[in-house]
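Chemist: just the structure for this:
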Amino acid sequence: MKLTKKLKNKSGFTIIELVVAMAIMGILGGVVASLVTMGTSSYQKVNTDLDYQTQARTAMSFITVQLRQHDEAGLVLMTDGSGVSTDTFDGSGRVYFCDKDPATVPGTPGKYIEIVGDELSYVSFSDKGDSTTYLDAIPIAVVRGLNITKTTANGRETYDITVEYGDGRQMTESIALRHDAA
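Modeler: Now for the predicted structure:
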């Protein structure tokens with residue numbers, strides 16, 4: 001009799017209360033886990049997008065500076081994939097930046113940009129007439145595509161630059177340079 005009375009006086013949870021509490025804890029745990037997963041996924045996407053935009057801004061800034069520095073003397077030359085001079089660079093070929101005109105001063109060192117794969121590179125060279133020595137290649141940025149178009153009107157040259165990056169987004173800039181007669 002004493003044993004039965006002791007067991008009846010013990011307070012505790014029933015099996016149904018325990019099952020309900022475990023179900024509620026499982027639901028709350030699932031919600032917290034999905035929130036953490038979504039937060040991590042969003043962080044990674046934002047981080048990747050920021051990296052793509054930084055690469056595109058780096059490429060755009062680099063090209064803009066080179067155009068402003070070298071076009072004053074008219075020493076920017078764009079070529080297509082076969083080396084023919086053109087007013088449009090579409091990712092094949094090169095854009096040359098020279099300090100002096102290599103046609104009039106043989107052996108003039110220069111630099112050019114080109115895209116190999118998805119990497120925009122800046123290459124230093126020295127042209128000795130019958131041979132070209134490549135001095136250095138510096139990777140600038142990772143981009144999906146690059147397009148530069150040059151138009152000339154009324155003594156003003158305009159370069160329209162488009163950098164494609166990431167999942168197909170584009171960054172564009174137009175630079176107008178005016179050549180004053182000396």
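
Chemist: going forward, measure contacts and count neighbours with C-alpha atoms only.
Modeler: Will do.

Chemist: any idea which helix is longest in the protein?
Modeler: Of all the segments assigned as helix in the chain under DSSP state H, the longest by residue count is helix 15-70.

Chemist: report all helices and strands that the next helix or strand after that one contacts.
Modeler: Read in the C-terminal direction, the helix or strand following helix 15-70 is strand 76-79, with elements assigned using DSSP states H and E. Based on contacts counted as 3 or more C-alpha pairs under 8 Å, 6 or more residues apart in numbering; DSSP states H and E, the elements that strand 76-79 packs against are strand 85-86, strand 88-89, strand 94-98.

Chemist: ok, which of the ones you listed comes nearest residue 146?
Modeler: For the helices and strands packed on strand 76-79, proximity to residue 146 was assessed by C-alpha to C-alpha; strand 88-89 is nearest, at 7.6 Å.

Chemist: pLDDT averaged over that closest one - what is it?
Modeler: Looking at strand 88-89 alone, the average pLDDT works out to 86.

Chemist: from the contact counts, what lies against it?
Modeler: For strand 88-89, the elements it packs on are strand 76-79, strand 145-153, judged by 3+ C-alpha pairs under 8 Å, 6+ apart.

Chemist: other residues contacting the shortest one?
Modeler: What that stands for is strand 76-79. Contact with strand 76-79 is made by 67, 70, 85-89, 93-98, as judged by C-alpha atoms under 8 Å, 6 or more residues apart in numbering.
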